[in-house]
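Colleague: Could you look at this predicted model? Sequence included:
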Amino acid sequence: MKQSKFAAFLKRKNIVFSLHRYGVSALGAMAQGLFCSLLIGTIFNTLGTLGIGLFTQTFGPNELTIGGFASAMSGPAMAAAIGYALGAPNLVLFSLIPVGYATNMLGGAGGPLAVFVVAIIAAEFGKAVSKETKVDILVTPIVTILVGVGVAILIAAPIGEAASYVGKLIKLATVLRPFLMGILVSVLVGIALTLPISSAAICAAFGLTGLAGGAAVAGCCAQMVGFAIMSFRENRWGGLVSQGIGTSMLQMPNIVKNPRIWIAPTLASAITGPLATCVFKLEMNGAAVSSGMGTCGLVGQIGVYTGWMNDVASGAKAAITAMDWIGLVLICFILPGLLTWLFGLAERKLGWIKEGDLKLD
């Protein structure tokens, strides 16, 4: 009887403990929050390095640029986005803003993962007490913020350190074993991009930059450009654009019907990943979230370029070379399309892919 009452309470409060709610909806929303803050801020700062005055001017006592203001709000943006995905009432949603700020600051380099965990906890507690008292305007924000910041004080730093450590291990392993790790990172992040989870949030959570970030970019591009080219006969120009600079996730319903259509772009990522790490030394030294974006809005390529500019400015790189541009174009556009098309052609001849299998609704 107690369990049924508790279950009814959870249902009434829209509290659902599920992998889909947290691993898909919340994680995907977190990536959108990152996009609207850190990523846009990075793009603005990149425009500033190109000499566009609006994005070089600083404001306020901290002398932040427009891009700096946007990037500084990544914690609140992520937390609010997660709360929105969890269906948080207004008072809970707004209270998550200071929670996100505190958690991201305490989490350090692994802040995004800490925000993901803490924002979910704070949001669910806030939802549980929301509108349960006559002084909801006080109770809900107090509970949400106290729980969120309290949990952040306890676990944000350890989570951030753990995420940062894992990210460093992946990056170190990629440097030491660029061929093997080039394949693994490219394939796994590419698959994550096409699945209904967020590859961008994963890359941000673990701070995947450097060679590992370059491999991640390669894998994402293989999926997006690969599916766009392979399905051109079914989806024409609309499909080319929606998948090529939108998302390969659009193919998920077709993958469920015929998983073999996933073979071609995945094989392409297994080739472009080690080419990126071993041959072209493609590094993502911009925002880590860009590593998981692929060609979506050309964010991955902008991130790579931002990294080049940062390296040149710091003296770590003498100049942007022709080989850099050749590697970027080959890894992100030409090879993903060509390889996936060839593998897809072979699959069609084998009868593994039939006409209409790649058709988008």
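Modeller: Right, received. Where do you want to start? Residues are numbered from 1 along each chain as shown.
Colleague: Touching, I331 and I271? I think so.
Modeller: No. The criterion here is Cβ atoms under 8 Å, and I331 misses it with I271 at 10.1 Å. To be clear about C-beta, it is placed using only N, CA and C from the backbone, and glycine gets the same treatment.
Colleague: Tell me which of these two has more neighbours.
Modeller: Set I331 next to I271 and count neighbours by other Cβ atoms under 10 Å: I331 wins out with 28 against 19.
Colleague: Please report the distance of the more buried one from S269.
Modeller: Using Cβ to Cβ, to the nearest Å, one gets 10 Å for the distance from I331 to S269.
Colleague: overlap in contacts of those two?
Modeller: Common contacts of I331 and S269 (Cβ atoms under 8 Å, 6 or more residues apart in numbering): A218.
Colleague: ok, how many other residues are close to T144?
Modeller: Using other Cβ under 10 Å, T144 has 31 neighbouring residues.
Colleague: Pull up the gap between it and L180, please.
Modeller: Relative to L180, T144 is positioned 45 Å away (Cβ to Cβ).
Colleague: swap in L146?
Modeller: 46 Å.
Colleague: repeat for Q251
Modeller: 27 Å.
Colleague: Neighbour count for these two, which is higher?
Modeller: Of the pair Q251 and L180, Q251 is the one with more neighbours under other Cβ under 10 Å, namely 27 against 14.
Colleague: Would you mind listing the residues in contact with the more buried one?
Modeller: By Cβ under 8 Å, 6+ apart, Q251 lies in contact with T194, F227, S231, Q243, I261, W262, L358, L360.
Colleague: from those residues, which two are the most distant?
Modeller: Comparing all pairs in the contacts of Q251 by Cβ to Cβ, the longest separation belongs to W262 and L360, at 15.0 Å.
Colleague: quick one, which of those two is more surrounded?
Modeller: The residue with more neighbours, out of W262 and L360, is W262; 20 against 15, by other Cβ under 10 Å.
Colleague: what's the helix or strand for the residue nearest to the more buried one when sequence neighbours are not counted?
Modeller: Excluding its sequence neighbours, the residue lying closest to W262 (Cβ to Cβ, 6 or more residues apart in numbering) is I255, at 5.2 Å. Using DSSP states H and E, the element containing I255 is helix 252-257.
Colleague: Return the distance of G160 relative to P61.
Modeller: Noted for G160: a distance of 27 Å to P61, by Cβ to Cβ.
Colleague: For these two, indicate the residue with more neighbours.
Modeller: G160 (26 against 5).
Colleague: what mean pLDDT does the strand or helix carrying the more buried one have?
Modeller: Using DSSP H and E, G160 sits in helix 136-176. Taken as a whole, helix 136-176 has a mean pLDDT of 95.
Colleague: Check the offset of that helix from the chain's centre.
Modeller: With Cα atoms, centre = their mean, to the nearest Å as the basis, helix 136-176 stands 17 Å off its chain's centre.
Colleague: in the stretch 1-150 of the chain, which spans are helices?
Modeller: 2-12, 19, 27-34, 40-49, 66-72, 74-85, 90-107, 111-129, 136-176 (DSSP state H, counting those that start in this stretch).
Colleague: What strand or helix carries A316?
Modeller: Per DSSP H and E, there is no helix or strand for A316.
Colleague: Indicate which one of the helices of the stretch 1-150 of the chain is closest to T340.
Modeller: T340 lies closest to helix 136-176 among those, at 23.2 Å (Cβ to Cβ).
Colleague: which strands and helices sit next to that closest one?
Modeller: With contacts taken as 3 or more Cβ pairs under 8 Å, 6 or more residues apart in numbering; DSSP states H and E, helix 136-176 sits against helix 90-107, helix 111-129, helix 178-194, helix 199-206, helix 210-230.
Colleague: how about a cut-off of 6 Å?
Modeller: helix 90-107, helix 111-129, helix 199-206, helix 210-230 (3 or more Cβ pairs under 6 Å, 6 or more residues apart in numbering; DSSP states H and E).
Colleague: relative to helix 210-230, how tilted is that helix?
Modeller: 100 degrees (axes from the mean of the first three to the mean of the last three Cα atoms, to 10 degrees).
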